[in-house]
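> Need a 3D model of the sequence below.
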Amino acid sequence: MAPVVSLPIGTPPQTQQMVLDTGSQLSWIQCHKKLPRPSPPAAMFDPSLSSTFSVLPCNHPICKPRVPDFTLPTTCDQNRLCHYSYFYADGTLAEGNLVREKFTFSRATSTPPLTLGCAQDTSDTKGILGMNLGRLSFPSQAKITKFSYCIPARTGSAFPTGAFYLGNNPNSAAFRYVDLLTFSQSQRMPNLDPLAYTVVMVGVRIGGRRLGILPSVFRPDASGSGQTMVDSGSELTYFVDEAYKKVKEEIVRLVGPKLKKGYVYGNVADMCFDSNIGPLIGDMVLEFDKGAAIVIGKEQMLHNVEGKVWCVAIGRSDLIGAASNIIGNVHQQNHWVEFDIANRRVGFGKADCTRSV
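Sure, this is the predicted structure:
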């Protein structure tokens with residue numbers, strides 16, 4: 001599951017639930033004009049009720065294909081409006097029209113009209129808040145130079161409330177920061193996502209033991225393979241093959257006989273067990289440059305995926321068609337994660353996210 005934020009959109013504002021996704025650019029909302037609408041908080045956005053809503057025609061510059069850094073396929077629909085189709089890495093599809101609309105936080109605080117997707121044919125009831133470094137992401141359009149969130153650990157079937165800041169975070173004095181890697185137009189490589197929050201990861205510890213993974217495994221090579229990105233929209237963490245093998249070797253060394261043989265969660269994660277034996281494995285630490293780290297306690301080492309099945313929440317990147325290392329939201333739980341865009345860095349701070357505000 002990905003973190004969900006509720007944001008007021010339109011004039012007057014309609015509260016919309018949106019998945020907070022640092023791995024994608026386009027923000028989109030669920031649009032619907034017909035009654036009866038679902039009851040809040042899963043209500044779809046009704047454009048006819050907003051005085052600031054407008055649609056983008058086909059001749060708008062954004063609708064022209066091959067716009068730099070915006071890989072959204074757009075076409076003209078039968079009404080001469082700009083239509084988009086957006087596929088995500090997990091295979092889900094969102095499509096609809098590109099529109100412009102305000103985020104209205106209060107009478108005195110609102111964004112200018114931002115370019116959004118107005119989705120009508122999707123496989124989800126929530127929208128997406130695109131938070132990456134692209135020029136049409138929510139932070140770029142709203143001129144937000146810093147944001148942070150704290151995702152609480154899921155307990156059973158309950159989904160506790162965390163926290164989300166736009167702007168300065170009062171807890172940031174305790175954060176440790178790692179610099180973002182940035183890429184110019186001339187450095188664009190086939191397997192690289194230049195709009196992702198790419199950080200310098202240097203190693204992994206399990207149970208206090210540092211695994212024999214070369215730091216170069218976590219950095220982009222000449223083709224872009226190997227970049228390490230922080231992605232709130234991905235549930236699991238994914239490692240390229242060299243790193244995944246080392247993690248699995250250590251898990252097998254520690255608790256090999258207890259592995260659930262023949263079981264693979266989501267076709268990507270095969271380190272699974274019939275109970276939560278995380279304490280037998282120990283803590284896991286994802287180590288970054290400049291001393292920044294994400295510490296996963298032994299109690300949270302395994303992720304309850306279904307029934308009584310618990311898995312190490314790490315999958316192989318190649319099984320989702322990726323060539324990168326992706327730090328998913330399961331391994332961001334109970335940490336402040338701050339994206340300081342102005343200073344090109346990401347900060348981490350251990351926290352109890354149920355008491356994080």
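> Now do the strands in the stretch 1-150 of the chain.
4-9, 14-21, 28-30, 54-55, 74-76, 82-87, 93-101, 114-122, 127-130, 146-150 (DSSP state E, counting those that start in this stretch).
> Output the ones you listed as CSV; include the columns distance to Ile251 and mean pLDDT.
C-beta: built from backbone N, CA, C; applies to glycine. Formatted as CSV, those follow (distance: least, C-beta to C-beta, whole Å; pLDDT from 0 to 100):
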stretch, distance to Ile251, mean pLDDT
strand 4-9, 31, 94
strand 14-21, 29, 95
strand 28-30, 38, 92
strand 54-55, 51, 95
strand 74-76, 44, 83
strand 82-87, 32, 82
strand 93-101, 35, 90
strand 114-122, 36, 84
strand 127-130, 33, 94
strand 146-150, 28, 97
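> most neighbours per residue, which of these?
Stretch with highest mean neighbour count among the strands of the stretch 1-150 of the chain: strand 127-130 (a mean of 28; mean count of other C-beta atoms under 10 Å).
> Mind giving me the packing neighbours of that one?
strand 14-21, strand 28-30 (3 or more C-beta pairs under 8 Å, 6 or more residues apart in numbering; DSSP states H and E).
> Out of the ones you listed, which is closest to Asn304?
Minimum separation from Asn304 across the helices and strands packed on strand 127-130 (C-beta to C-beta) falls at strand 14-21, 20.6 Å.
> The closest one pairs with which strands, parallel or anti?
According to DSSP bridges, strand 14-21 forms sheet pairs with strand 4-9 (antiparallel), strand 127-130 (parallel).
> Switch the ones you listed over to TSV; also include distance to Gly224.
Shown next, in TSV, are the strands paired with strand 14-21 (distance: least, C-beta to C-beta, whole Å):
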stretch	distance to Gly224
strand 4-9	30
strand 127-130	21
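> since we're on Arg107, how many residues are nearby?
7 (other C-beta atoms under 10 Å).
> got the contact list for the closest residue in space to Arg176 that isn't next to it in sequence?
Closest residue to Arg176 apart from its sequence neighbours, by C-beta to C-beta, 6 or more residues apart in numbering: Ala292 at 4.1 Å. By C-beta atoms under 8 Å, 6 or more residues apart in numbering, Ala292 lies in contact with Arg176, Tyr177, Val178, Val346, Gly347, Phe348.
> The fourth one and Ile294, how far apart?
Here the criterion is C-beta to C-beta, to the nearest Å. By it, Val346 lies 11 Å from Ile294.
> Out of the two, name the residue with the larger neighbour count.
Per other C-beta under 10 Å, whichever of Val346 and Ile294 has more neighbours is Val346, with 26 against 21.
> ok, and for the strand or helix carrying the more buried one, which residues are buried?
Per DSSP states H and E: Val346 is located in strand 345-350. With burial defined by 16 or more other C-beta atoms under 10 Å, the residues of strand 345-350 counted as buried are Arg345, Val346, Gly347, Phe348, Gly349.
> what residues are up against the nearest residue to the third one once chain neighbours are set aside?
Here the nearest residue to Gly347 in space, its sequence neighbours aside, is Phe175; by C-beta to C-beta, 6+ apart that works out to 3.4 Å. The contact partners of Phe175, taken as C-beta under 8 Å, 6+ apart, are Asn169, Trp336, Glu338, Gly347, Phe348, Gly349.
> and what of Lys298?
The contact partners of Lys298, by C-beta under 8 Å, 6+ apart, come to Gly278, Pro279, Ile281, Gly282, Asp283.
> surely Leu114 meets Ser140?
No. Assessed by C-beta atoms under 8 Å, Leu114 is found out of contact with Ser140, at 9.5 Å.
> so where do the strands sit in the stretch 201-350 of the chain?
Secondary structure of the stretch 201-350 of the chain (DSSP E, counting those that start in this stretch): strands at 201-206, 209-210, 228-230, 237-239, 272-273, 284-288, 293-296, 302-306, 309-312, 314-316, 325-327, 335-340, 345-350.
> The ones you listed: which one's closest to Tyr165?
From the strands of the stretch 201-350 of the chain, taking C-beta to C-beta, the stretch that ends up closest is strand 335-340, at 8.1 Å.
> That closest one - what's its average pLDDT?
For strand 335-340, mean pLDDT is 98.
> Which secondary structure elements does it sit against?
The contact analysis (3+ C-beta pairs under 8 Å, 6+ apart) places strand 335-340 against strand 146-150, strand 345-350.
> which residues are in contact with the shortest one?
When you say that, I think you mean strand 146-150. Strand 146-150 has contacts (C-beta under 8 Å, 6+ apart) with 3, 20, 131, 139, 162-169, 172, 232, 334-342, 347, 351, 353, 356.
> List buried residues within those residues.
Buried among those by 16+ other C-beta under 10 Å: 3, 20, 131, 139, 162-166, 169, 172, 232, 334-341, 347, 351, 353, 356.
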